[in-house]
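Chemist: test case, fold it:
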Amino acid sequence: MLDLQKAHIAWQKVDDYALRRHLLSEVDPRVQLVLTFLFVFMIVLSSPHRPQQLLLFFPYILLQAKLVGMSLRWLVRRIAIILPFVLFIGIFSPWLERGQQFEVLGYSLSVGWLTLVSITLRAILCVSLGIILLASCGIIGISEGLRKLKFPKVFCLTLYFIYNYFSLLLQDMAQVQKAYLLRKFSKKQRIAWRDYQEILKAFFIRSWLRSNRIHQAMQCRGFDGRLYQHRKYDRYASLAWLGLSLVYLGGCYLFYVYTS
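Modeler: Now for the predicted structure:
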């Protein structure tokens, strides 16, 4: 079983970055959302047999992480969690794409290895962009930015509630796990399979009671379906970041055309 305490601490770390004052916190969330969509679109359009095209996006990721004040070691550890799933998806590419061959250090390899590397780099870049976007804007900023970009209101609210309440569910599950381990007279700090039934019962009861309290609190405070964030954004900083990012994106596109 995963260590839920560490997972909850890592989840809170992203929110801590969003609450800090940094250079990207002055940029309008709409600008960051549009740029993220554009960069993801360019990453998806890259050729699966030319992974060197994706290397151009890593300096932009590193710059964003530096502006947010995010530790690169922390970011790499979060990305490493998804690598087994990505490798599981693309692990069969070297055997399925054996039509063409290329040489590396005197060894002949199929183009499927290039596809595997391309899939891995795409996943790393997209997850990094998502984490940095969440750390720079926060979930309220993202939901508010999507609403201003004319996304459906129900979609924005659903995104906000899923993110917030998943964090609460993770916190409840971590507390249940901690209570179980504190009462267990064993050196192995793990949950036995026979005890999962009782733990899940306690977890669902705690989640049900908390959801009722949250719903009552929302009704008492007159929730009107709108999200409020008391943060002002600098228009000039937003335009400057938008212009610099578009110039960088244009350079990446020209490199795409040149290498193709």
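Chemist: give the buried residues for the helix or strand hosting Tyr165.
Modeler: Tyr165 belongs to helix 153-182 when assigned by DSSP states H and E. By 16 or more other CB atoms under 10 Å, the buried positions in helix 153-182 come out as 156-157, 160, 163, 167, 170-177, 180. All C-beta atoms are positioned from the backbone trio N, CA, C, and that covers glycine.
Chemist: which helices and strands does that helix pack with?
Modeler: The contact analysis (3 or more CB pairs under 8 Å, 6 or more residues apart in numbering; DSSP states H and E) places helix 153-182 against helix 4-19, helix 112-148, helix 196-220.
Chemist: between those, which one is nearest to Pro48?
Modeler: Each of the helices and strands packed on helix 153-182 has some distance to Pro48 by CB to CB; the shortest is helix 112-148, at 4.6 Å.
Chemist: now do the closest one against helix 153-182, angle only.
Modeler: Counting by axes from the mean of the first three to the mean of the last three CA atoms, to 10 degrees, helix 112-148 points 110 degrees away from the direction of helix 153-182.
Chemist: one step back: redo the buried residues of helix 153-182 as CSV? Include distance to Arg73.
Modeler: Shown next, in CSV, are the buried residues of helix 153-182 (distance: CB to CB, whole Å):
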residue, distance to Arg73
Cys156, 33
Leu157, 35
Tyr160, 29
Tyr163, 24
Ser167, 23
Leu170, 22
Gln171, 24
Asp172, 29
Met173, 26
Ala174, 23
Gln175, 28
Val176, 30
Gln177, 26
Tyr180, 31
